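Colleague: Take this sequence and fold it.
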Amino acid sequence: MSAASSTGSSEAQETPEVREAREAEDDRGTPAERAPGRFGAAVDRYAPALGAYAVVKATGLTVFLLLLSHTEDFLKKDPGRGGGARPWDVLGTWDGIWYQRIAENGYDPQLIPVHGYPLATFYENSAAFFPLYPWLMRLVGAVTGLGPYGSGIVVSVLASFVAAAGIFAIADRIGGFRAGVTAAVIWGLFPGSGVEWAVYSDSLFVALSAWACYCVMTHRWLAAGVLALVAGLNRPTAAALIAAVSISALVALVRRTDGVARPLTAMLITPWGLLGYVAWVGWRMGDWTGYFKLQRGAWNRYFDWGASTASSTLDTVTGHWTFWQSNPAPDLIAVGLLIALPGLLVLLLRLRPPLVLVLYTLLTIVLALSSNQIYGNISRYLLPAFPLFIGLAVALRRLRPSTLGGLIAMPAVAAGWYAGYALFELGIP
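Modeller: Residues are numbered from 1 along each chain as shown. Next up is the predicted model:
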């Protein structure tokens, strides 16, 4: 039998899964085709994804700034609430103001009662915001001489590229190179992605989460545990990542797939960033539940088993804009995202992804939808659920690059409105 006929016979017997894996490997190219050396190989591997991500983000940001310049509504608003002297100042408003204050002045955790407001029992306090992001802002400011705003933008932009690289690495491992690039681009286009290049901690959190999940997938348990621990210093929703890494480590421990010491160590260290900060705030306030009292009493954020999400969804689809912090444009975007959410989950789960991705995604969704929060911010609260983009990216990978580029072109432009202007100017991110 000739070599050609032998190859044809083996390909004819391939299962769809094997064929997809082979095609995915073909997408990556052969080692000889990659740039020589470790750094060159890394550049060769990540440059297309990061370049594509940069293009869609720059396009959306340009449209966002053009819309701001067109309306000039930001000139009429408070600098901390979607306003400023220049269009780009809007990127440092809302939560960004708090992070800048922390970077400049640090914390002074207090529970100060407020009277006369039906939804508030305490004054707002910076202790509600976790410390990792403002710490990095202060570090960048000390090194570069930039102020808090500039330092915050630098940290967010750099972290967004680290996050895009992590999303690419995971999607590449599951669905091949083209799926990896597409997943990174989708993250840059997702509703809520306007905060990725703003003075917000979201990009940093996704960067830590993506690489923690990647480390679990590649059995780097100590690195995964450390990343989860650090993520716990960045956002309270790190609880989803901590649980996903810990349960995955427990499964590996029970199955003895990676020995005992490394998975056990990962399990033991993951929660201490989150627990440590919440405990420190409680200690400084003289009340061990102080952090949670602050979140509920000052920001009206608390776990309600999804009651507010369900009620706000019904009010939005029936045109009743009377619920707390209702904002029609971002609220309708949130409804559209909720409609798409089951489909995105199906696309992900049909790939049979690693346990850590399933747990992290489901827990992130539960935390986002089961709490009383600003309804229009669902797009931002689901932004960390990056595995949702992987199933869609795998489904799109069979399209020709030109077709895929045409499909992405309009969302890249529109993102300046739905992920930027609608979030910052028509809502409260």
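Colleague: Nearest the middle, which residue of this structure would you pick?
Modeller: The structure's the chain has its C-alpha centroid closest to residue 384; by CA atoms, centre = their mean the separation is 2.7 Å.
Colleague: residues in contact with that residue?
Modeller: 202, 205, 206, 209, 237, 240, 364 (CB atoms under 8 Å, 6 or more residues apart in numbering). Yep, even glycine has a C-beta here, placed from its N, CA and C like the rest.
Colleague: ok, now residue 418?
Modeller: Contacts of residue 418 by CB under 8 Å, 6+ apart are 191, 333.
Colleague: between the contacts of residue 384, which has the most around it?
Modeller: Highest neighbour count within the contacts of residue 384, by other CB atoms under 10 Å: residue 209, with 30 neighbours.
Colleague: which SS state does that residue fall under?
Modeller: helix (DSSP: H, G, I helix; E, B strand; the rest coil).
Colleague: Adjust the sequence numbering to begin at 43 for everything that follows.
Modeller: Sure, I'll start numbering at 43, so the last one becomes residue 251.
Colleague: nearest residue to it other than its sequence neighbours?
Modeller: For residue 251, ignoring the flanking residues on the chain, the nearest one in space by CB to CB, 6 or more residues apart in numbering is residue 283 at 4.9 Å.
Colleague: got a pLDDT number for residue 64?
Modeller: Confidence at residue 64, expressed as pLDDT, is 39.
Colleague: How confident was the prediction at the residue nearest to the centre of the chain?
Modeller: Residue 426 is assigned 96 on the pLDDT scale.
Colleague: thinking again about what came up before, the residue nearest to residue 251 touches residue 401, doesn't it?
Modeller: No: between residue 283 and residue 401 there is no contact, the gap being 9.2 Å when judged by CB atoms under 8 Å.
Colleague: Output the below-cut-off pLDDT ranges for the stretch 93-242 of the chain.
Modeller: Along the stretch 93-242 of the chain, the model assigns pLDDT under 70 to no residue.
Colleague: residue ranges of the helices in it, please?
Modeller: Counting by DSSP state H, counting those that start in this stretch, residue ranges of the helices within the stretch 93-242 of the chain are 137-147, 174-186, 190-217, 219-231.
Colleague: Could I get the full set of strands for the protein?
Modeller: With DSSP state E as the criterion, the chain has strands at 344-345, 413-414.
Colleague: Pull up the pairing partners for the last one, direction included.
Modeller: Which is strand 413-414. strand 344-345 (antiparallel) (DSSP bridges).
Colleague: Just the mean pLDDT for the partner strand, thanks.
Modeller: Mean predicted lDDT for strand 344-345 stands at 90.
Colleague: try stretch 299-318
Modeller: Stretch 299-318 comes out at a mean pLDDT of 95.
Colleague: Name the residues that touch that stretch?
Modeller: Residues contacting stretch 299-318 (CB under 8 Å, 6+ apart): 174, 261, 263-264, 266-268, 270-276, 278, 280-281, 284, 287-288, 291-292, 294-295.
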